[in-house]
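1. model this:
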Amino acid sequence: MRPGPLNLITDVPGLRVGNAEDALLKSGASVVTSDAPMVASVSVMGGAPGTRETDLLAPDKSAPGVDALVLSGGSAFGLAAAQGVMDALHEAGRGFEVFSARVPIVPAAILFDLLNGGDKHWGVNPYPALGRQALANAGSSFRLGSRGAGCGAQTAQHKGGLGSASLVLEGGITVGALVAVNPMGSVTTPSGRHFWSAPFEIGEEFGGLGPEPVPGFHEMPQSRKAGAMAALGNTTIAIVATDAQLDKAQAHRVAVAAQDGIGRAIHPAHSPMDGDLVFACSTGRKALVAPQLQLAQIGHAASLCLARAIARGVWEATPAPDDTLPTLREELGR
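-> Alright, predicted model coming up:
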């Protein structure tokens, strides 16, 4: 396995990603879309999720595909980002046909970033406009760190962010991940100088800091995030994608497997105060010739991509006025 040419989820052929953020708000939205509907499913393992249209993604539900997937800040207010995306897709003639009507299918998930130092005293909910702008910005290249849904994200010890990574499997199937990193837990080891994801790093994609050199169990330090705002403001939300031809049941299995990436990269993960969620989607361009074996490989690759993307999101975060937590690079002098 090797990273794709961009080391982004958009290495999956046909996918586009758009981000939009508001620096004063310290929040934003991210959109994954494709020119044709995508098969998609979802796995929710956190105890405090915020979602829209996720029931449609169960294998026994009738919706055949989605037109876009949305990750957003803003807690429940941020679910409105999907409405902005839906409206723009409808204007473009996209959507599930119901006789003479078209209804774009846009599932969404949100993270809590309402106490991160941004100006949240809006008069009109800003998230529909952010969703629409993110869709308009969609392309193959995009920036990581304090962008899109990761703009105001925070981890237990450092500023969070938006991350992405990809892998190309033997045989040419591509797998990628996009994640907004805002967990209750820590992405770094107790020393604060190494990523839990370090064993999975390829090259120096998140700084080349290496694994924690001190072996054995160590107690985690007290959470700065809990002291600065509240232990309830959390959630890691992600999208994993592939060009392999999957049905909804297979996509669900990939989403479940990808959750291991959150467990590898964040300690603790899947807590009662996180809404940890992974969407899985397929553009269906490559047929599976050995479905069971290849599905296992795709799920494993998705978990590795997600673990790497989480570290990349934190590594690429940038400081901004009134931040309540430092970036990791600030602390390391990098």
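2. and the helices in the stretch 51-200 of the chain?
-> Using DSSP state H, counting those that start in this stretch, the helices of the stretch 51-200 of the chain run over residues 81-91, 127-136.
3. just the ones you listed: most buried one?
-> helix 127-136 (a mean of 24; mean count of other Cβ atoms under 10 Å). C-beta here means a position set from N, CA and C on the backbone, and glycine is covered the same way.
4. give the other helices and strands that it contacts.
-> Using 3 or more Cβ pairs under 8 Å, 6 or more residues apart in numbering; DSSP states H and E, the elements in contact with helix 127-136 are strand 15-22, strand 27-44, strand 66-72, helix 81-91.
5. circling back: could you dump the helices of the stretch 51-200 of the chain to CSV with distance to residue 176?
-> As requested, the helices of the stretch 51-200 of the chain are exported to CSV (distance: least, Cβ to Cβ, whole Å):
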stretch, distance to residue 176
helix 81-91, 20
helix 127-136, 18
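6. pipe those helices into CSV and attach mean pLDDT per row.
-> Listed next are those as CSV, based on pLDDT from 0 to 100:
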stretch, mean pLDDT
helix 81-91, 97
helix 127-136, 98
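7. surely residue 181 is in contact with residue 161?
-> Yes - assessed by Cβ atoms under 8 Å, residue 181 is found in contact with residue 161 at 5.9 Å.
8. common neighbours of the two, please.
-> With contacts taken as Cβ atoms under 8 Å, 6 or more residues apart in numbering, residue 181 and residue 161 have 150, 153, 313-314 as neighbours in common.
9. out of those, which comes closest to residue 287?
-> residue 313 (32.3 Å; Cβ to Cβ).
10. sec struct for residue 313, please.
-> Here residue 313 is recorded as helix under DSSP: H, G, I helix; E, B strand; the rest coil.
11. so what's the closest residue to it other than its chain neighbours up against?
-> Nearest residue to residue 313 in three dimensions, chain neighbours excluded: residue 163, at 2.7 Å (Cβ to Cβ, 6 or more residues apart in numbering). Residue 163 sits next to 144, 150, 177-179, 181, 308-316 when contact means Cβ under 8 Å, 6+ apart.
12. ok, now residue 42?
-> By Cβ under 8 Å, 6+ apart, residue 42 lies in contact with 51, 54, 57, 107, 252, 255, 277-280.
13. recalculate using a threshold of 6 Å.
-> Going by Cβ atoms under 6 Å, 6 or more residues apart in numbering, residue 42 touches 54, 57, 255, 279.
14. show me the beta-bridge partners of it.
-> Legend: beta-bridge partners of residue 42 under DSSP bridges are residue 279.
15. please, which helix or strand holds residue 271?
-> Residue 271 is part of no helix or strand, with elements assigned from DSSP states H and E.
16. would you agree it is in contact with residue 184?
-> Yes - contact between residue 271 and residue 184 holds when scored by Cβ atoms under 6 Å: they sit 5.1 Å apart.
17. and these two? Which one has more around it.
-> Neighbour count, other Cβ atoms under 10 Å: between residue 271 and residue 184, residue 184 has more, with 27 against 19.
18. how about that one, what does it touch?
-> Counting by Cβ under 6 Å, 6+ apart, residue 184 has contacts 234, 271, 273-274.
19. among these, who's most crowded?
-> Going by other Cβ under 10 Å, residue 234 tops the contacts of residue 184 with 29 neighbours.
20. residue contacts, it?
-> Contacts of residue 234 (Cβ under 6 Å, 6+ apart): 183-184, 273-274.
21. tell me how far it lies from residue 112.
-> 6 Å (Cβ to Cβ, to the nearest Å).
22. run a quick neighbour tally on the nearest residue to residue 245 once chain neighbours are set aside.
-> Leaving aside its chain neighbours, residue 245 sits nearest to residue 284 (4.4 Å; criterion: Cβ to Cβ, 6+ apart). Residues near residue 284, counting by other Cβ under 10 Å, number 19.
23. which sections of the stretch 151-300 of the chain are below the confidence cut-off?
-> Applying pLDDT under 70 to the stretch 151-300 of the chain picks out residues 227-233.
24. burial measure for the closest residue in space to residue 304 that isn't next to it in sequence, as a count.
-> Counting by Cβ to Cβ, 6+ apart, residue 304 lies nearest to residue 200, which is 5.4 Å off, once chain neighbours are set aside. Neighbourhood size, residue 200 [other Cβ under 10 Å]: 21.
25. ok, residue 139 next?
-> Number of residues near residue 139 (other Cβ under 10 Å) recorded here: 10.
26. excluding its backbone neighbours, what's nearest it?
-> Per Cβ to Cβ, 6+ apart, closest to residue 139 is residue 16, 5.6 Å.
27. what's across from that neighbour in the sheet?
-> residue 33.
28. quick one: closest of the helices of the stretch 51-200 of the chain to residue 2.
-> Nearest of the helices of the stretch 51-200 of the chain (Cβ to Cβ): helix 127-136, 29.1 Å.
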